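Undergrad: model this:
(chains A and B)
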2 protein chains.
Amino acid sequence: MTFKVGLLGLGTVGTGTAQILLDPADRQPLLQELELYRVGVRSLDKPRSVDISRDRLTTDLESIVRDPAVDIVVELLGGLEPSRSLILTAIAHGKHVVTANKAVIARYGEEIFAAAADAGVYVLLEAAVGGGIPVIEPLKQSLCANRIQGILGIINGTTNYILTRMQREGGDFGPILADAQRLGYAEADPTADVDGWDAADKIAILASLAFGGRVERSQITCEGIRAITASDIAYAEGLGFTIKLLAKAKRQHQGDTWRLEASVYPTLVPLSHPLASVNDVYNAILVEGDPVGQVMFFGPGAGAGPTASAVVADILNIAAVLSAGSDRDHLDPLLACRYLQTVELAPAAETAARFYLRIVVQDSPGVIGKVGTIFGEQGISLESIVQTDVSGETAELVVITHEVQEGIMRQAITQLEALPLVQAIANLLHVL
Amino acid sequence: MTFKVGLLGLGTVGTGTAQILLDPADRQPLLQELELYRVGVRSLDKPRSVDISRDRLTTDLESIVRDPAVDIVVELLGGLEPSRSLILTAIAHGKHVVTANKAVIARYGEEIFAAAADAGVYVLLEAAVGGGIPVIEPLKQSLCANRIQGILGIINGTTNYILTRMQREGGDFGPILADAQRLGYAEADPTADVDGWDAADKIAILASLAFGGRVERSQITCEGIRAITASDIAYAEGLGFTIKLLAKAKRQHQGDTWRLEASVYPTLVPLSHPLASVNDVYNAILVEGDPVGQVMFFGPGAGAGPTASAVVADILNIAAVLSAGSDRDHLDPLLACRYLQTVELAPAAETAARFYLRIVVQDSPGVIGKVGTIFGEQGISLESIVQTDVSGETAELVVITHEVQEGIMRQAITQLEALPLVQAIANLLHVL
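TA: Have a look, this model is predicted:
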C-alpha cells in the first residue's frame, strides 16, 4: 500500500522533507511506501539542492490539494494565506494534512480541526512547535494521564539566539539583530520573532493540547525583546539571572474551578534554572504535571533537518494507521485532535508575577525612600532595590519585587511616573 | 465502554497508579472509563495509603491474569519471576499488558512480543525506561523518520544520586551507598543498580526501539560504579570532567553495513556536556538522529508519581484505541511493537573510546617516560599524563588517552602491569 505525498513549498523545510523521502535507507521501512508525487513551488526554474524531476513540480498549488491521486498534503508554505485556504481545500477533498504552520493552527485550528473531523482526515503538526523536538505527540499521548499544571518554554530560536549573543557579547539588540539577519538567523522582517508573535502562536498550540481546550490566540499577552538593553542584561546577570523570552501557560486555580494564564514575556530566569542554560537557537519545553512532576524536552527548535524529522514522522504515522485499515469512519484516536472546551484565559492584570523594574531617577538622597514608599503603599514587597550607574545628575534604580498582581504593579508604576524625581521607567520585565 | 484493570503489585508505583485511577478529575475524560477492578498484593492486611475496598484485593495473582472480566493487566511486581509467567499467562488469556518491568522486557521481550502478536494484544512499557519521561513512545513515533545514530543516557537514578553526592561531598562510594540505602534511594540489595544491570536492561530496550531490532541483553558490556573512588572524581574534576554512569547505544559503521555498540560504563563527561548537569535521581536520554540532530529528554527517572504517569498513559492509550474499535485482528501500529531483525553487537574489544587511567607507580624519575613508551609502542596517543599525589615512595599517574580501540588499550595495560615500577592499575574509565 503506497501513499502519494503532495508537498506545498520547497524552501528550507520542504527541501529537508524531500531529502528524507528520497533517502529511505536505514530508516523506517514504511518510508519505502511514500511517493513524493507532486511538489508545489513558486518558481520552476530556481536551482534546487534536491533532485526532483521537473515534471513533478508545479506552481499551481491549488491543483495539488485537489488532485484525486494525492493522499497526504504537506503544507510548508508558512503564513496565513494561501496556507489556510489550501489546507481547508485539501481537507474538503479528503486529503490528510501535515503542517509546520504554527500561525495558521494557532488562529484557525478550531476551524481546521472541525473540518478534518467532518471529512474524517488527520491534521498533524508536530513540526509546528519546537522543530524536531517531540512535544506535540508526548502531550497527546505519553503525558495524557497528568493534570498539567503548567508549560514553560523557550520556543523561538531567533530571539534565543539574539539574547544569547547579547548576554555573551554585552551588545545591544539592534546591531546583533542586524548581524543575525546577515547570518540568516533572523528574517528580513523579524517582527513575528522579535515581538513574540511566533512564540505566542506556539504556546497557544501547546496549551490547547495540554489543557484540553481551545486557547484564543488573540487573548495571549505577548511582549517581545526589542526593549531589552545591554544594561538590563548586565543588571540581571549581576543579580544572578539571565534574560530569556519565555512562553508560559499556567493553570490558575480559583476555588473549585480554574482558568489559564498564557503569555509571552522576556523574563529574568535564575541561572540555576534548567531553562537558563538553553542557548543559541536551541529550544526547550518544560512541562509540569501531576503526578509526573517536571519533564523537559530539549533540542534544535528550527532548521531544515530537525523540522523535516517531525514532518516526516507525522507523514509516516498517518501512513502507518492507514495501512492498518484506519478510514474516515475509524480515525485513530492517538492521532486525531480533539478540543474538549474553550479554555478561559485570565486577564494579564489578574496574573501574579515577580517583576524587574529599571528606573532612571535624579541622583538625590531621598530617592530610594520615596520610591520604596510608593511600593509600600501599594502593598508590594520588594526583594531588592539597588541604586547603580550614577552619572552626574541621574542614577538608575533596579528593583526586584516579590510576587504581585500585574494590575497592582501597573498602578505603582503610574504613581512612580508622577514622581518629579523619576525621569523614566526604563524597563519592566517579569522574573521567574 | 469501560475497561477493567487488573493491577499486579501495590508497592510504590502500584500505589501511585491506583491513586491516578481513583482521582480522574481534570485529567483525560477517558480515565472515567477505567475501573480498578482487581489488585494483586502480597499481604491483604498491610496498611495502604490508597483507599481500595478489601474485596478487590487478592494474594492470588494468577487469578487476576486469568479473570475473564479483566481487560488490561498492569504488571508492577518487578523481577523476572513470577512477572514473566504472569505476563505470558495474561497474554494467553487475551489481556493487554502494561508493565514497568525493564528486566523482563530486556530479557524476554522477543518471547513476550511474539506471544502478544499471536494473541492480538498490546504490551506497552513507557514506564520501563526513564520513569515518567516520555521516551519509548517518542522513539516509536515522533522520531521514526530518523536514521538514529546513537543514544546516550543517564538512566539509573540510584547510581546518579550516589555519584552526585560523591562529587559534591568528596566522599567515597561505600559510606554514601549506605546513606542512600538508609534514605531509600538505594535498595537493600543494590546490585542491580550499582553494577549497572538496570541501566543495561534499559539501554537494551531503547536500542531495540531505536535501531529496529532485537538487542541481546547478555551481549551488552556492563560495568558499575563500585570501583569509583573520591580521588577518581577529584582527578576528573581537575581535568574538567564529572563522572556519570552512561548507557550507550551507538551505530558503528562498517563500509555499507553497520553493527551496534551497546554498553554501560562509568564515564568521564566534559562539564560542558548537557548530560554533565543531570544530577541526583534525575534521568536524561540524549538521542542523536539524522536529520533531527540531538534531542534530549529530561526528568524524574523514578518515583511513584512519575512512573505511574507513564503507566496510566499506556493504559489510557490502549483504552483509546480499543474504544475506537481496535481489535485483535486490527492492532494499532502506533502502539504495536515490532522487531525487524536482530541487531549485531560489536565486541567490546572492537569499540573505540577515550580512556582515563589511574596508575600507582614507584616515585622514580623515569616513570613517565617508561609508561609513555608503552603507550607509544601500542600506537596509543595520549591527551595528557599527570603525576600526582606523591606520598613518599609511591605516586599516581593519571592518563587521558585519545580515541583507541578497547582491545589495544587492554594490551597496553597488560604491558603496564608487567613494569616493575607499576604497583597497580588503580582504575580504568571511559571518557566521553
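Undergrad: can you pull out the helices in the stretch 301-432 of chain A?
TA: Per DSSP state H, counting those that start in this stretch, the stretch 301-432 of chain A carries helices over the ranges A:304-323, A:367-377, A:406-418.
Undergrad: go on, the stretch 51-200 of chain A?
TA: With DSSP H, counting those that start in this stretch as the criterion, the stretch 51-200 of chain A has helices spanning A:61-66, A:83-92, A:102-119, A:136-140, A:157-169, A:173-183, A:191-194, A:197-210.
Undergrad: compare these and give me the one nearest chain B.
TA: Closest to chain B of those is helix A:136-140 (Cβ to the nearest Cβ; 4.0 Å). Bear in mind the C-beta positions are built from the backbone N, C-alpha and C, glycine included.
Undergrad: related to what we said a few turns ago, which among the helices of the stretch 51-200 of chain A is found nearest to B:Ala180?
TA: Minimum separation from B:Ala180 across those (Cβ to Cβ) falls at helix A:136-140, 30.4 Å.
Undergrad: run the chain-centre distance for that closest one.
TA: With Cα atoms, centre = their mean, to the nearest Å as the basis, helix A:136-140 stands 15 Å off its chain's centre.
Undergrad: what is it packed up against?
TA: When contacts are defined as 3 or more Cβ pairs under 8 Å, 6 or more residues apart in numbering or on different chains; DSSP states H and E, helix A:136-140 packs onto helix A:197-210.
Undergrad: quick one: the helix it packs on to helix A:157-169, angle?
TA: Angle, helix A:197-210 to helix A:157-169, by axes from the mean of the first three to the mean of the last three Cα atoms, to 10 degrees: 120 degrees.
Undergrad: what angle separates helix A:197-210 from helix A:102-119?
TA: With the same axes, to 10 degrees applied, the angle from helix A:197-210 to helix A:102-119 works out at 30 degrees.
Undergrad: partners of the helix or strand following helix A:197-210, with directions?
TA: Next helix or strand after helix A:197-210 toward the C-terminus (DSSP states H and E): strand A:213-214. Using DSSP bridges, strand A:213-214 pairs in its sheet with strand A:341-342 (parallel).
Undergrad: residues near the nearest residue to A:Leu76 once chain neighbours are set aside, how many?
TA: For A:Leu76, ignoring the flanking residues on the chain, the nearest one in space by Cβ to Cβ, 6 or more residues apart in numbering or on different chains is A:Gly9 at 3.8 Å. Neighbourhood size, A:Gly9 [other Cβ atoms under 10 Å in any protein chain shown]: 23.
Undergrad: go through the helices of the stretch 301-432 of chain A and name the closest to B:Gly255.
TA: Of the helices of the stretch 301-432 of chain A, nearest to B:Gly255 by Cβ to Cβ is helix A:304-323, at 24.6 Å.
Undergrad: just checking the closest one against chain B, any contact.
TA: Yes: Helix A:304-323 reaches chain B (Cβ under 8 Å from any Cβ of the partner chain) through A:304-306, A:308-313, A:315-317, A:320-321, A:323.
Undergrad: what's that helix packed up against?
TA: Using 3+ Cβ pairs under 8 Å, 6+ apart, helix A:304-323 is in contact with strand A:3-8, helix A:12-21, strand A:34-40, strand A:72-75, strand A:96-99, strand A:123-124.
Undergrad: now it: mean pLDDT?
TA: Taken as a whole, helix A:304-323 has a mean pLDDT of 96.
Undergrad: that helix vs strand A:3-8, what angle?
TA: 140 degrees.
Undergrad: can I get helix A:304-323 in PDB? Just the C-alpha atoms.
TA: The C-alpha atoms that make up helix A:304-323 are tabulated as PDB, following Å, rounded to 0.1, in the frame of the first residue of the first chain:
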ATOM      1  CA  ALA A 304      15.700  22.000   7.700                       C
ATOM      2  CA  GLY A 305      16.700  18.700   9.200                       C
ATOM      3  CA  PRO A 306      15.100  18.900  12.600                       C
ATOM      4  CA  THR A 307      11.800  20.300  11.300                       C
ATOM      5  CA  ALA A 308      11.700  17.800   8.500                       C
ATOM      6  CA  SER A 309      12.200  15.000  11.000                       C
ATOM      7  CA  ALA A 310       8.900  16.000  12.600                       C
ATOM      8  CA  VAL A 311       7.100  16.500   9.300                       C
ATOM      9  CA  VAL A 312       8.100  13.000   8.000                       C
ATOM     10  CA  ALA A 313       7.300  11.400  11.300                       C
ATOM     11  CA  ASP A 314       3.700  12.800  11.000                       C
ATOM     12  CA  ILE A 315       3.500  11.500   7.400                       C
ATOM     13  CA  LEU A 316       4.800   8.100   8.500                       C
ATOM     14  CA  ASN A 317       2.300   7.800  11.400                       C
ATOM     15  CA  ILE A 318      -0.600   8.600   9.100                       C
ATOM     16  CA  ALA A 319       0.700   6.100   6.600                       C
ATOM     17  CA  ALA A 320       1.000   3.500   9.400                       C
ATOM     18  CA  VAL A 321      -2.600   3.800  10.600                       C
ATOM     19  CA  LEU A 322      -3.900   4.000   7.100                       C
ATOM     20  CA  SER A 323      -2.000   0.800   6.200                       C
END
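Undergrad: pull out the buried positions in that helix.
TA: In terms of neighbour count (16 or more other Cβ atoms under 10 Å in any protein chain shown), helix A:304-323 has its buried residues at A:304-322.
Undergrad: contacting residues for A:Gly407?
TA: Each residue near A:Gly407 by Cβ atoms under 8 Å, 6 or more residues apart in numbering or on different chains is listed here: A:349-350.
Undergrad: and it, how far from A:Leu268?
TA: Distance of A:Gly407 to A:Leu268, computed by Cβ to Cβ, to the nearest Å: 20 Å.
Undergrad: kindly report the same for A:Phe3.
TA: Look at A:Phe3 and A:Leu268: by Cβ to Cβ, they are 48 Å apart.
Undergrad: between these two, which one's more packed in?
TA: Per other Cβ under 10 Å, whichever of A:Phe3 and A:Leu268 has more neighbours is A:Leu268, with 26 against 19.
Undergrad: how near is the nearest residue to the more buried one once chain neighbours are set aside to A:Met166?
TA: Leaving aside its chain neighbours, A:Leu268 sits nearest to A:Phe241 (3.9 Å; criterion: Cβ to Cβ, 6+ apart). Per Cβ to Cβ, A:Phe241 is found 13 Å from A:Met166.
Undergrad: strands along the stretch 251-400 of chain A, start to end?
TA: Assigned by DSSP state E, counting those that start in this stretch, the stretch 251-400 of chain A shows strands spanning A:257-270, A:282-290, A:293-300, A:341-342, A:352-362, A:382-391, A:394-401.
Undergrad: give me the helix or strand of chain A that scores worst on average pLDDT.
TA: strand A:341-342 (a mean of 80; mean pLDDT, DSSP states H and E).
Undergrad: ok, and what's touching it?
TA: For strand A:341-342, with Cβ under 8 Å, 6+ apart as the criterion, the contacting residues are A:212-216.
Undergrad: I'd like the helices of the stretch 51-200 of chain A laid out as a markdown table, including distance to B:Leu260, mean pLDDT and mean neighbour count.
TA: Shown next, in a markdown table, are the helices of the stretch 51-200 of chain A (distance: least, Cβ to Cβ, whole Å; pLDDT from 0 to 100; neighbours: other Cβ atoms under 10 Å in any protein chain shown):
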| stretch | distance to B:Leu260 | mean pLDDT | mean neighbour count |
| --- | --- | --- | --- |
| helix A:61-66 | 41 | 98 | 20 |
| helix A:83-92 | 41 | 98 | 22 |
| helix A:102-119 | 37 | 95 | 20 |
| helix A:136-140 | 26 | 94 | 25 |
| helix A:157-169 | 32 | 97 | 21 |
| helix A:173-183 | 38 | 95 | 15 |
| helix A:191-194 | 40 | 96 | 20 |
| helix A:197-210 | 35 | 96 | 27 |
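Undergrad: many thanks, have a good one.
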